[in-house]
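1. dropping a prediction and its sequence here:
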Amino acid sequence: MHGADLLLLLGVLVAVGALLFAAGRLSTPYPILLVVGGAVLGVLPGIPEIEVDPDVILLIALPPLLYQAAFFSSLHELRDNARAISSLAIGLVIATTAAIAVLGHEVIGLPWGAAFVLGAVLSPTDPVAATAVATQYGAPRQFRAIVEGESLVNDATGLTLYKLAVAGAVGGGVTLLGGALSFVLSAAGGIAIGLVVAWLLTHVRKRISDAPTEIVASLLTPYFAYLPAEAAGVSAVLAAVTAGVVLGWRAPMLSDPGTRLQAFGTWEVVVFALNSFVFVLIGLQLRGVLASIEDASMLTLARDAAVVVAGVVLVRFAWTYVVGLLPRLVRVKSGRTDGWIPWRLTFLVGFVGMRGAVSLAAALAIPLETDAGTPFPGRDLIVFLTYAVVFVTVVGQGLALPVVLRRLFPEGAGDETDREEDVARVAAARAALERLEELDEERGEVPEQSLRRLHELYEFRLRRYEARLDEEGGDAGADLEEGSLAYQRLRADILERERQAIIGLRNRGRITDEALRRVEHDLDLDEARLEVREGVGSHGSSPLEIAGGDERG
């Protein structure tokens, strides 16, 4: 590369870093700023046009993003919301494809084949955008489960329809029965490959005792599932998702604690980097998209984009309310109230339908020519309309989501995760106390002083979390909580003093850097267990923090 190219690359990287920094400072989900910032970078003078092979997204970035989202999804929540997820991931995808195809043909003027390709491209929602935005804004847990579950599965439906639509548009010919059979076989094959890969890797990883080797195996797992399924012509998306769900369920039994901590940290960095890469690429495509359709008037393009965006949004609302409310009316008439989805949640699911990298990659992967050797009809327009929908849904719906959440849930979303965490900590403390009682009765080699100290720790922990669960805990519960937090503040202050001491030894040459890192590792683990660390040291919080260490007051 020439010096000018290296400086240009450096400038783009600096700009991406600045966008990520701004997203953190503004408390804005980073996909929004990266899409906007990428678009601005793409149209700046002197920035060369950047063309990305769609396989970079579909074969390199998509598998780990799907796998990670599936790995951390809840099997129970997927099962409990299976009806809503399957309705959105299959029924809504088909309805969106058909509705956008009609608009594309009747309003925009695309041939039927190209119109169905446009519908299939825009039918799946994006798992990255939905997860990142919904999580940061604290959306209700059931909403997150439905939207994330939908976005994991509907890629398989959408990409299957896309392949069928492209085959029909280029002259291959597709029948309705053949398409339905192809979809069923593709889904079944993808799930089967995902299960086989999960079974094999479960047995392999049980025999791995080396943390780096196991982490590398986990990073390669999505490709072990995705690539064979792609080669076999079945749903590679469902293969990666299935492997992720199964291995996520079995993860607590596969890895030791040290490996698990390292693996979660590694995956956090990898997924964040891939997400940033994908959303910047989406923005940087703007110049190429506009250049490809320079013959069309901006007024016509704006009208066509508005029609398609409105169609995508309205079809989702219509489907969500029909599917969400009709069963409710049936239950009311039969005197049943089970399985209801609250109207506020129904509206929220209908409102959030972000499209992203999968749609854009599919649009860019449309063949340039048909089997007859003629240019694919409306290809450039399809790419532009896809970009418009991605931009409007990620940026528009993403920025509007906090306002909608405040209007729908003025009292808060009511996430039960914190309470469930307290329930789990109570169960863990009780199990620990039972084991201590057994050890005390056995009169083994455990010193009595050690048993007594551990007993006091777990007794305090049990009282503290039981008080959290008891809504009428009153002053006693408040005193326990304040005492614990005060202890943790003191512990954090002391840990920082310890850290300064060992750094001073290293700086004066009394100890080596290796010795420093060993002790610092233990201090970091102790500090990561504290709930209260604000204002102490310069170390930021991590989503991997584990609350509830030695929190005696």
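-> Everything's here; your move. Residues are numbered from 1 along each chain as shown.

2. what about the closest residue to residue 211 other than its chain neighbours, neighbour count?
-> Distances taken as C-beta to C-beta, 6 or more residues apart in numbering put residue 259 closest to residue 211, at 4.2 Å, once the chain neighbours are dropped. All C-beta atoms are positioned from the backbone trio N, CA, C, and that covers glycine. Using other C-beta atoms under 10 Å, the number of residues around residue 259 comes to 20.

3. for residue 259, which three-state class applies?
-> Following DSSP: H, G, I helix; E, B strand; the rest coil, residue 259 is assigned to helix.

4. what separation is there between it and residue 237?
-> 28 Å (C-beta to C-beta, to the nearest Å).

5. number of residues surrounding residue 432?
-> 17.

6. list the contacts for it?
-> 454, 458 (C-beta atoms under 8 Å, 6 or more residues apart in numbering).

7. next: residue 286.
-> 38, 39, 42, 43, 387.

8. which among the residues you listed gets closest to residue 267?
-> residue 38 (24.0 Å; C-beta to C-beta).

9. quick check, pLDDT for that closest one.
-> Turning to residue 38, the model gives it a pLDDT of 77.

10. if I look at the residue nearest to residue 211, how far off is residue 268?
-> From residue 259 to residue 268 the distance is 15 Å (C-beta to C-beta).

11. next secondary structure after the least confident helix or strand in the chain by mean pLDDT?
-> Ranking every helix and strand in the chain by mean pLDDT, DSSP states H and E puts helix 127-136 at the bottom, with a mean of 65. Counting by DSSP states H and E, the next helix or strand C-terminal to helix 127-136 is helix 141-169.

12. quick one: name whatever helix or strand follows that following helix.
-> helix 176-206.

13. does residue 530 count as helix, strand or coil?
-> Strictly by three-state DSSP, residue 530 counts as coil.

14. once you drop chain neighbours, what's closest to it?
-> That would be residue 488: by C-beta to C-beta, 6+ apart, it lies 4.6 Å from residue 530.

15. same deal with residue 102?
-> residue 115 (7.5 Å).

16. check contacts around that neighbour.
-> 100, 101, 102, 103, 104, 105, 108.

17. quick check: it vs residue 440, distance?
-> Residue 115 is 75 Å from residue 440, by C-beta to C-beta.

18. same question for residue 323.
-> 58 Å.

19. higher neighbour count, these two?
-> A direct count of neighbours by other C-beta under 10 Å for residue 323 and residue 440 places residue 323 higher, at 20 against 14.

20. and residue 407, how far from residue 401?
-> Residue 407 is 11 Å from residue 401, by C-beta to C-beta.

21. so which of those two has more stuff around it?
-> residue 401 (21 against 10).

22. I'd say residue 238 and residue 191 touch.
-> Yes. In this structure, residue 238 is within contact of residue 191 by C-beta atoms under 8 Å, at 5.3 Å.

23. low pLDDT regions in the stretch 201-350 of the chain?
-> Across the stretch 201-350 of the chain, the ranges flagged by pLDDT under 70 are 294-295, 324-341.

24. just the mean pLDDT for the helix or strand hosting residue 503, thanks.
-> Residue 503 belongs to helix 474-507 when assigned by DSSP H and E. The average pLDDT within helix 474-507 is 83.

25. again, but for stretch 455-466
-> Stretch 455-466 comes out at a mean pLDDT of 84.

26. then it to PDB, C-alphas only?
-> Provided in PDB are the C-alpha atoms of stretch 455-466 (Å, rounded to 0.1, in the frame of the first residue of the first chain):
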ATOM      1  CA  HIS A 455     -20.300 -20.000  57.900                       C
ATOM      2  CA  GLU A 456     -20.400 -16.400  59.000                       C
ATOM      3  CA  LEU A 457     -19.900 -15.200  55.400                       C
ATOM      4  CA  TYR A 458     -22.700 -17.300  53.900                       C
ATOM      5  CA  GLU A 459     -25.000 -16.600  56.800                       C
ATOM      6  CA  PHE A 460     -24.600 -12.900  56.100                       C
ATOM      7  CA  ARG A 461     -25.000 -13.400  52.300                       C
ATOM      8  CA  LEU A 462     -28.200 -15.400  52.900                       C
ATOM      9  CA  ARG A 463     -29.700 -12.800  55.100                       C
ATOM     10  CA  ARG A 464     -28.800 -10.000  52.700                       C
ATOM     11  CA  TYR A 465     -30.300 -11.600  49.600                       C
ATOM     12  CA  GLU A 466     -33.400 -12.900  51.500                       C
END
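
27. just the buried positions in stretch 364-371, please.
-> By 16 or more other C-beta atoms under 10 Å, the buried positions in stretch 364-371 come out as 364, 366, 370.

28. out of those, which are inside helices?
-> residue 364 (DSSP state H).
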